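Novice: Just to be clear, the model below is a prediction. Sequence and coordinates:
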Amino acid sequence: MPSTSPGYTLRNKRVWVAGHRGLVGGALVRRLQGEGCEILTAPRDGVDLRRPDHVERWMATAKPQAIFLAAAKVGGIYANDTRPAEFIYDNLMIQSNVVEASYRLGVEKLMLLGSSCIYPRLAPQPIPESALLTGPLEPTNQWYAVAKIAGIKLGQAYRRQYGCDFISVMPTNLYGPGDNFDLMQSHVVPALLAKAHAAMVERAPSIEVWGTGKVRREFLYVDDAADGMVYLMKNYSGEEFVNLGPGSDVTIAELVDLVCKAVGYRGGVQFDTSRPDGAPRKMVDIEFAASLGWKAQTPLKEGLATTYRWYVDHIVRETARAVA
Ligand code: GFB
């Protein structure tokens, strides 16, 4: 039976944010500033999380008491579809190494991060946690999904056999400051922000959007996701994993409209239907998280505006400086 565990405090703890340079890890570092903990980050040079010896050596030295495992090989539909070996191998290795070392070194609490793509392609909507392993996966991201399902199972197995306090959360599609805006690697939100910005600057008549635009996605602002993760780290302990989402979704065509408004681009849209749509819909059921006391706060329109400002201030300006 899942339970809340009030009282796991992060205060004065050594907390490792694995993957601190990524979208989620960066948001976790921001969110943890107010928790009175010591935030640990592993240097990329010399600590390859795919290597068990590197992980064990670093953890034995850094001595984390709590860990957010936000390090992962991630990417959008094209990256997932074209780099299957990296998406399955890197994620399996990172998770296995951190879970095993956490057990051996007596880490007090570990949070594993999954994704809504763990669910069957045609799962009932909104998708309850109980839909896991009830049907075939979406082919474009099955490799990543299998690795993330293994992550959930690793956490559950170590909890059952060794009594480790390892928990998992399943955030839906994330976006926000610190995202990857590389058009061939990124998810849809940063890709569309970058395309709309470029089209506005170049006065292009339209932007290219992959797929039909008819599929639905929900988007969780990354600072909300980090808030949910910290909340559950402090208030939840149980074998069941917890969905995290905003509770509403949009079609890709509706997202394009919102992105163009956030950017101020007034041109047209060309749908490239030779590109895959991916899953028709994946909106997670957020009842469980709500029953534990957590809800997302940031409306999509507001999150897109903040993300666009971050993109202009960081990526566009830095690129311009590098060229000058
Ligand atoms: O965000 P996205 O790449 O990933 O694509 P998934 C979402 C939808 O947006 C798909 C469409 O239907 C894309 O075809 N789309 C339209 C675009 N234009 C673009 C564009 O310029 N770039 C991108 N990237 N998409 C991912 C999984 O699936 O979701 C990951 O592959 C992970 O493993 C992540 O689970 C949360 O939502 O389809």
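Specialist: Now that the structure is in, tell me what you want to look at. Numbering: from 1, shown residues only.
Novice: CA only for contacts and neighbour counts going forward, please
Specialist: Fine.
Novice: ok, the residue nearest to residue 218 when sequence neighbours are not counted - how many residues close by?
Specialist: Nearest residue to residue 218 in three dimensions, chain neighbours excluded: residue 249, at 4.0 Å (Cα to Cα, 6 or more residues apart in numbering). Using other Cα atoms under 10 Å, residue 249 has 20 other residues around it.
Novice: mind starting the numbering at 12 from now?
Specialist: Sounds good: first residue 12 from here, last item residue 260.
Novice: Was I right to think residue 260 contacts residue 230?
Specialist: Yes - the pair residue 260 and residue 230 qualifies as a contact (Cα atoms under 8 Å) at a distance of 7.1 Å.
Novice: Next, find the distance separating the residue nearest to residue 229 from residue 273.
Specialist: 18 Å (Cα to Cα, to the nearest Å).
Novice: same deal with residue 135?
Specialist: 32 Å.
Novice: the more surrounded of the two?
Specialist: residue 273 (21 against 15).
Novice: Confirm that the more buried one sits in a helix.
Specialist: Yes - the assignment for residue 273 is a helix, going by DSSP: H, G, I helix; E, B strand; the rest coil.
Novice: Give the closest residue to it in space, chain neighbours not counted.
Specialist: Nearest one to residue 273, counting by Cα to Cα, 6+ apart, is residue 316 at 5.4 Å.
Novice: try residue 104
Specialist: Nearest to residue 104 is residue 61, by Cα to Cα, 6+ apart, at 5.0 Å.
Novice: What's the local residue count around that neighbour?
Specialist: With other Cα under 10 Å as criterion, residue 61 counts 19.
Novice: need the residues of the stretch 62-211 of the chain near the ligand, please.
Specialist: Proximity of the stretch 62-211 of the chain to the ligand (Cα under 6 Å from any ligand atom) is limited to residues 86-88, 91, 126-128, 152, 155, 183-184, 197-199, 202-203.
Novice: Most widely separated two among the residues you listed?
Specialist: Farthest apart among those by Cα to Cα are 155 and 203. That separation is 22.7 Å.
Novice: Tell me which of the two has more neighbours.
Specialist: When residue 155 and residue 203 are compared for neighbours, residue 155 comes out ahead with 30 against 23, by other Cα under 10 Å.
Novice: Remind me which helix or strand the more buried one belongs to.
Specialist: helix 153-173 (DSSP states H and E).
Novice: ok, residue 139 - contacts?
Specialist: Residues near residue 139 by Cα atoms under 8 Å, 6 or more residues apart in numbering: 254, 295, 296, 297.
Novice: Please report the distance of it from residue 102.
Specialist: Residue 139 is 24 Å from residue 102, by Cα to Cα.
Novice: low pLDDT regions in the stretch 62-211 of the chain?
Specialist: The stretch 62-211 of the chain contains no residues with pLDDT under 70.
Novice: picking up where we left off before, wait, doesn't the residue nearest to residue 104 sit right on residue 101?
Specialist: Yes - assessed by Cα under 8 Å, residue 61 is found in contact with residue 101 at 6.1 Å.
Novice: sorry, back to before: mind checking the SS state of the residue nearest to residue 104?
Specialist: Recorded secondary structure, residue 61: coil (three-state DSSP).
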